[in-house]
Each structure stands twice: as structure tokens, then as C-alpha cells.
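Student: below are the sequence and a predicted model; questions follow.
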2 protein chains.
Amino acid sequence: MTATNGGPTPGSDATGDRPGAGTDPARSDTVAVVVRQWRAVHPELDTGPMEIIGRINRCAALLQQAEDAPLRRAGLSRPEFDLLGALRRTGHELTPGELARETFSSGAAVTKRLKQLTERGLVERRGDTRDRRVAHLRLTEAGRDLVDGILPEQLAYETSVLSALSSESQGELAGRLSELLSRLESQMHALRA
Amino acid sequence: MTATNGGPTPGSDATGDRPGAGTDPARSDTVAVVVRQWRAVHPELDTGPMEIIGRINRCAALLQQAEDAPLRRAGLSRPEFDLLGALRRTGHELTPGELARETFSSGAAVTKRLKQLTERGLVERRGDTRDRRVAHLRLTEAGRDLVDGILPEQLAYETSVLSALSSESQGELAGRLSELLSRLESQMHALRA
DNA sequence: AGCATATAGTTTACTAGTGAAATATACGTG
DNA sequence: CACGTATATTTCACTAGTAAACTATATGCT
């Protein structure tokens, strides 16, 4: 992802700032600076995709960094919380394979996390009676309480972070992202099939 | 990031689908399913932030997975390419510290990457004459050629992925993301100060 | 000048994730 | 019913990143 390639760009300040070129977003974030640098070096390339992909990556990185804080207070990493959250929100037991799909992780990673979370008494394991290859995982009381305790904090924090955007902006952004995401997901699905 | 917590949600299909609730985006992506699950379990919580943050994270994950492919063909990881790209787009030498800031990595990670990239003959190191603590890195001829060879491929690929969105959608999305990103970045800056 | 403190970068010990191989079990078919 | 193949999960060897300690150098104050 070329577009990811971006940074705060401390010193350098390329000039050439001229509006109306394609998807020029006027506002100056770090991605805009990076795009300007690339255009200065490779004027022949269409840097349009960077404006979207670079920003998505950058936003994701910033949001994660900020939002991992509440989790760490609870002694959880995000992947761990995602796993617990999957169990909580589905409301029923899940197999390791299902958990891997839900959290977009490899099976090996899920195995490791489950080991730790089980040792910490947050999840319980039960073997399937019919098919002895599969296991069923569920939250313990403590695990459920932990998730339910963290979730409101997290949402409150997220709300405050996003409050920098007007309600209209938020709705618009959510809609566009949903549009992109659903297309990406069906592309993915098509590729694998 | 609670909102990240999401998955393809294979089996389960919570029902309650009623439009017009806050930032309801109509289109059904995996994040929408996850949000519906959370609402079913915790109806009292405002799940609005998930609609944005969850989608940003999900999009970032999907885009990265897809786009890392061209890089891997060239034998580079994304962080490595980001480092090389920073050198290429700024057009001048950078110190390890500057590279760390440009690529949002830790200093230690940059040190490791530089070691590898130097061994591969893609970057060169030069000591500062005045301040002997600092080093200056620049691309070798081979490094520059590699970046210049990969970049167009990457942009072309990104263009094709995003072509699922109309030009208007793309512009709108880039603008909203830029708005969010610049606010996030100034929040960040404010926090550290 | 001499010492305290700040800064740049590297090293170290450790952690978490990955892909591939291994293990265990189930299923389908002749 | 036995065998080959598919599936679920774990294990293993390895890689990359991190935070904290460490080294080397510079800067400022008295």
C-alpha cells in the first residue's frame, strides 16, 4: 500500500498547492503532505488513491493507538478483547475456527490467545460430544463482566474522539465507508470463490 | 477500539434491522452485522462510533492484505517499503529519528530495518560530521530503482480496487477522511503538548 | 573547564504473530 | 468396513516489533 506510506513530515514542506486537482480535499493533514511530496517526485503518477487509502490507514493507526489505552488499563490487548467481544456479542459458544473468522486472525493466533485467556479464567472450553475435533468456547462470568465493564468506557471514548466531526459529517463518513467496505468485501469474496 | 471488534459473522444473523436509527448506512457490510449484535446484547449503549471506527479498521485491514501482495513480489514488507518511500519522496537524506517519525515506527524498529536494507544494498549510511551521534541515510541507485518500479504498480492496483466507488464517492470519502484525520492529528498534537 | 542533563541511536530480552507441518478425527465411497 | 481425503485444531520454528536499558555524544550552566 503505497498510500500508507506517510508520516508527520516534520521539516520538509513541498510547495505546489493548487486546488481543484481531482480529489483535492483542501484541508491539510499529513497525508496531503505526503501526496504532495510524491507528486513533486513523480508528477506523471495518479496519486488519487493515496488520498483515500493513505488516510484510512493513518486514521486507523491513530484511532487504535488512542483507543488501546482503555484496554491496557484492563490488562487486555486489542486482539484479546476482540476475541472476548466476539463471544459476548454473538451470545453463544464459538469454536476456535469461528473465532478466527470473527476476529480475522489466524488459527494459530487464536489458539495462543485462548490459552492465555483460559488461564486467566476469562473463557471456558468444552469439547464437542459428536465431533471430537472441535472445541466450544464461552465466556466465564468474569470474562463477561470484564467485557461489559470495558465496552461502555470504550464507546464513550470513541464518541468523544469523533465528536470533532459534526453529526452530518459522521453520518456521511459512515455511509461512504460502508459503501467502500461492502464493495471490498464482495471483491474479496469473489476472489476466493 | 471496541468498534474494531468485528468479523465476517458467518452463521449468526441477528434480526432487528430498522433504518433511520442515527447513522444507519442501509448497506450491509460485516460491521453492520457486528453492530447489530452488540445492540441486541446491550440496547442501552450508543453504538454510533462503531459505524465509523469499525469500518475504518476493517477497510484498513482488507486494503492492506490485498495491497501487500505487490510488495511481497518485490521481497519487501510494507514497513520496509514505507521506509524506502520516505527517503524517496522527501528527496533528501534522513536520520534514523526522522525516518521513525515519517513511518510512525519506533526507533528500534527503524534500526532493525535499516540494518537489513543496508545489507541488501538498498540504502546507504553516512555519519554526520558535526554531531557524531547522528547518521544520515539515503537510497542507493538500486533502492531508488526498486521504489520507482513498485510505486506505479501499487498505484494502479489501488486505483482498480477503488474503482468500485464512483468518482464522486471517492472525492466525498477522501474529503471526509481528511476532515477526520486533520482533527485527530491536531488532537494528538494537543495531547502531547 | 567540569559536571548535569538532554539527545541520537543501538542493543537486549521478551512477546506475539505467522506459515507450514503435525495430530486427531470425521466423512464418503467402493 | 477399510481407505483416502477433508476438516479442526494445535505445535513448531521463525520473524518482527516493543519497551527499557545502554552507549556515545552534545549542550548548557556555574
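Tutor: Cool, the structure landed.
Student: from here on, contacts and neighbour counts on C-alpha atoms
Tutor: OK.
Student: which parts of stretch A:134-149 are buried?
Tutor: A:135-139, A:143-144, A:146-147 (16 or more other CA atoms under 10 Å in any protein chain shown).
Student: can it be found next to DNA strand D?
Tutor: Yes - for stretch A:134-149, a contact with DNA strand D is found by CA under 7 Å from any atom of the strand, at A:134-136.
Student: out of the residues you listed, the closest to A:L71 would be?
Tutor: A:L71 lies nearest to A:H136 out of these, by CA to CA, at 25.1 Å.
Student: wait, the closest one touches A:H92, no?
Tutor: No - between A:H136 and A:H92 there is no contact under CA atoms under 8 Å: 9.4 Å.
Student: please name the nearest non-neighbouring residue to A:I52.
Tutor: Spatially, and ignoring its direct neighbours in sequence, A:I52 is nearest to B:A174 (5.0 Å; CA to CA, 6 or more residues apart in numbering or on different chains).
Student: which stretches of chain A aren't confidently modelled?
Tutor: Scanning chain A for pLDDT under 70 picks out A:1-27, A:191-193.
Student: what secondary structure does the spatially most central residue of chain A sit in?
Tutor: Centroid-nearest residue in chain A: A:A60, 6.0 Å away (criterion: CA atoms, centre = their mean). Under DSSP: H, G, I helix; E, B strand; the rest coil, A:A60 falls in the helix class.
Student: also A:G171?
Tutor: Per three-state DSSP, A:G171 ends up helix.
Student: and for it, the neighbour number?
Tutor: Counted with other CA atoms under 10 Å in any protein chain shown, the neighbours of A:G171 add up to 19.
Student: mind listing the strands for chain A?
Tutor: A:123-127, A:135-139 (DSSP state E).
Student: so which of those strands gets nearest chain B?
Tutor: strand A:135-139 (14.2 Å; CA to the nearest CA).
Student: tell me the helices and strands packed up against the closest one.
Tutor: Contacts defined by 3 or more CA pairs under 8 Å, 6 or more residues apart in numbering or on different chains; DSSP states H and E place strand A:135-139 against helix A:78-90, helix A:96-103, strand A:123-127.
Student: make JSON lines from these and add mean neighbour count and distance to B:S167 to it.
Tutor: As requested, these are exported to JSON lines (neighbours: other CA atoms under 10 Å in any protein chain shown; distance: least, CA to CA, whole Å):
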{"stretch": "helix A:78-90", "mean neighbour count": "23", "distance to B:S167": "34"}
{"stretch": "helix A:96-103", "mean neighbour count": "22", "distance to B:S167": "32"}
{"stretch": "strand A:123-127", "mean neighbour count": "17", "distance to B:S167": "47"}
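Student: next, format the ones you listed as TSV and append distance to DNA strand C.
Tutor: Converted to TSV, those look like this (distance: least, CA to the nearest atom of the strand, whole Å):
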stretch	distance to DNA strand C
helix A:78-90	5
helix A:96-103	9
strand A:123-127	10
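Student: need the ones you listed in a markdown table (columns: distance to B:F81).
Tutor: What follows is those, written out as a markdown table (distance: least, CA to CA, whole Å):
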| stretch | distance to B:F81 |
| --- | --- |
| helix A:78-90 | 25 |
| helix A:96-103 | 27 |
| strand A:123-127 | 39 |
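Student: out of the ones you listed, nearest to A:L151?
Tutor: helix A:78-90 (8.9 Å).
Student: and that closest one, anywhere near chain B?
Tutor: Yes - residues of helix A:78-90 contacting chain B under CA under 8 Å from any CA of the partner chain: A:78, A:81-83, A:85-86, A:89-90.
Student: that helix: how far from the chain's middle?
Tutor: 13 Å (CA atoms, centre = their mean, to the nearest Å).
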